[in-house]
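# quick one: sequence and predicted model below, then my questions.
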Amino acid sequence: MRRRLLSLLSALVLAITGTVTASVALPGTAAADGCYTWGRTLKKGMSGSDVTQLQIRVAGWVASGENLVIDGQFGERTRLAVVRFQRGYGLAADGVAGPNTFSKIYALQDNDCTPAHFAYSEMDGNCGANNFNGGKVSAATAKRNTLRMMWQLEAMRHKLGDRPMVVSISFRSVRCNDSVNGASTSRHMYGQATDFSTRSGPTLCQMFHAAKTSGFEEILGPGYPGHSTHTHVANDPVRLVSASRC
Ligand SMILES: [Zn+2]
């Protein structure tokens, strides 16, 4: 029902603004993959659901300490994120998302819209429940939050030389969080936090530092109480970055 309301709402917005949506391929062109196909080149000043889809994919390519707002408005911060994404993948860095940028995204995304190197199945451990139920938000919201975070993690992974990053836990229900003595405000209950183990290719400190330019506000690692064996990264309204041994 909520989804139907949302699509009605976005149809209304489109009718008002006259924005061309691009959730399907342009007539006569094949869909790029099973997830999403952009139908126009996007640049600063544009808006729409296709901008939102782009913002999710480049959310991990921000300035240190920044968290990209996913609002469907292609502003200067989105442009700079696109520039960094393009630079990161060796594309011409013009801040305009056209065919080359979209091709790279298609190559990076799976049909369920998750990035190539992270899957829901490793994010929804939830103390063995393997779902996104029982958190502080609905399962749908937790999953949506997780998708955005996974793209930030994909960016982090690429910046660290494309080595495997091993998730020890990501989503936790309230009960699961209590059972491991998680903080009562833990973003793990929102689908907004991930812990990486020492089995990762990069060290805990390398991941700690890379998270700073990947859109995370809460980054905790070795030296912070309870974080000697993992690095915690989270999208959190409260900024806390600490790892005295890094
Ligand atoms: Zn954590």
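All right, it came through fine.
# may I see the buried residues of stretch 37-55?
Buried residues in stretch 37-55, counting neighbours by 16 or more other CB atoms under 10 Å, are found at 37-38, 42-43, 46-51, 53-55. Heads up, the C-betas are built off the backbone N, CA and C, glycines and all.
# all strands of the protein, in order?
167-169, 193-197, 218-220, 230-234, 240-242 (DSSP state E).
# okay if I get those strands as TSV plus mean pLDDT, distance to the ion and mean neighbour count?
TSV is the format used below for the strands of the chain (pLDDT from 0 to 100; distance: least, CB to the ion, whole Å; neighbours: other CB atoms under 10 Å):
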stretch	mean pLDDT	distance to the ion	mean neighbour count
strand 167-169	97	7	19
strand 193-197	98	4	23
strand 218-220	98	7	22
strand 230-234	98	3	26
strand 240-242	98	12	15
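# tell me the residues of this structure that contact the ion?
Counting by CB under 5 Å from the ion, the chain comes close to the ion at 193, 195, 232.
# can you get me a residue count around the nearest residue to residue 135 once chain neighbours are set aside?
Closest residue in space to residue 135, ignoring its immediate chain neighbours: residue 189 at 4.4 Å, by CB to CB, 6 or more residues apart in numbering. A count of nearby residues for residue 189, using other CB atoms under 10 Å, gives 25.
# who are the contact partners of residue 189?
Contacts for residue 189 (CB atoms under 8 Å, 6 or more residues apart in numbering) come out as 135-137, 171-174, 177, 182.
# picking up where we left off before, go through the buried residues of stretch 37-55 and flag which are in helices.
49-51, 53-55 (DSSP state H).
# buried stuff in the longest helix anywhere in the chain?
Ranked by residue count, the top helix of the chain under DSSP H comes out as helix 139-159. By neighbour count on 16+ other CB under 10 Å, the buried set for helix 139-159 is 139, 142-159.
# the ion versus the closest residue in space to residue 102 that isn't next to it in sequence, what's the distance?
Nearest non-adjacent residue to residue 102, counting by CB to CB, 6+ apart: residue 38, 4.9 Å away. Using CB to the ion, to the nearest Å, residue 38 is found at 34 Å from the ion.
# so residue 38 touches residue 54, yeah?
Yes - in this structure, residue 38 is within contact of residue 54 by CB atoms under 8 Å, at 7.4 Å.
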